[in-house]
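Engineer: My questions are about this predicted structure, shown below with the sequence.
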Amino acid sequence: MDNWRIGVTASEVHAKTLTSGKPQTGRSGKFPRSAGETLSPRTVRPAKGKRLNGGGQILTTRVGLQFPRELPFEVWEEAGPKLFRIVDSSAWCLGDWLVYGQDKYDDRYRRAIDEAGLDYQTLRNYAWIARKFAISRRRENLSFQHHAEVASLDDAAQDMWLDRAVEFGWSRNQLRKQVRCSRGAASLTAGTSVISALRVDRASAEMWQKAADVASTELRQWIVATLDRAASEEIHREQD
């Protein structure tokens, strides 16, 4: 099992793999950190006067974090954002990885995913969003989830909303709220019809929401798309 060690100094938080032998690195000899960044495979010791009990390092494993007996608040505080960047960039990287496999290896990429024990549905969601945003259009100061919120829009609208999220410092939820409010206002002025609220049982509502999440779209869009598809199939069936 690969582990990551986050070296703790008063000013830096670094990561390093722990294996029985030499650290496992890529061809460049560096570790992935976030988009456009790498981590040096060297071990970083606590600064002079900052040596801590228990090795003085935060150890991350596949099942969680292991902390030393003592850790300065400032070091713990710095670790959070850096861990988030690693996790957030992994979604982009996995998405790009699957996109490349889909484009280059026909059906072989699917066998590789199955043999590795990876969850194809999750990877497919990542890949769908990765295809929507070329690397040059991805905002480093926004999360993967920010991009997912606007992935179903056209490029111009995506850029507009992401730019606003950067300018106003919106969280993912704040961005979602702004986009939904904008769509609601647009529906009232675009000559569309408003259908009365539909009451459904909780099991159906939860199933629909799960399907919308799998499709990486909001529930209302998923319902409309599903009904449109069903209506079209029914009309064609009658015509045949």
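Structural biologist: Received, thanks.
Engineer: Quick check, Leu71 in contact with Gln57.
Structural biologist: No. Under the criterion of C-beta atoms under 8 Å, Leu71 lies out of contact with Gln57, with a separation of 9.1 Å. From N, CA and C alone the C-beta is placed, and that goes for glycine too.
Engineer: Between the two, point out the one with more neighbours.
Structural biologist: Under the neighbour definition other C-beta atoms under 10 Å, Leu71 and Gln57 were set side by side, and Gln57 has more, 25 against 17.
Engineer: roughly how far apart are the more buried one and Leu65?
Structural biologist: Note on Gln57: its distance to Leu65, by C-beta to C-beta, to the nearest Å, is 11 Å.
Engineer: and this structure, what are its domains?
Structural biologist: Domain ranges of the chain: 135-194, 196-239, per automatic domain parsing.
Engineer: Could you take the ones you listed and lay them out as TSV, with extra columns for mean neighbour count?
Structural biologist: Formatted as TSV, these follow (neighbours: other C-beta atoms under 10 Å):
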stretch	mean neighbour count
domain 135-194	14
domain 196-239	11
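Engineer: Pairing partners for the closest residue to Leu65 other than its chain neighbours in the sheet, please.
Structural biologist: Closest residue to Leu65 apart from its sequence neighbours, by C-beta to C-beta, 6 or more residues apart in numbering: Ile58 at 5.9 Å. Per DSSP bridges, residues listed as beta-bridge partners of Ile58: Ile6.
Engineer: so Ile58 touches Arg69, yeah?
Structural biologist: No. If you go by C-beta under 8 Å, Ile58 and Arg69 don't touch, sitting 12.0 Å apart.
Engineer: can you map out the helices along the protein?
Structural biologist: 73-104, 108-116, 120-132, 144-150, 155-168, 172-189, 202-214, 219-239 (DSSP state H).
Engineer: average pLDDT for the fourth one?
Structural biologist: Computed over helix 144-150, the mean pLDDT rounds to 93.
Engineer: just checking, what packs against it?
Structural biologist: helix 73-104, helix 120-132, helix 155-168, helix 172-189 (3 or more C-beta pairs under 8 Å, 6 or more residues apart in numbering; DSSP states H and E).
Engineer: Nearest approach to Val200 belongs to which of those helices?
Structural biologist: Val200 lies closest to helix 172-189 among those, at 20.0 Å (C-beta to C-beta).
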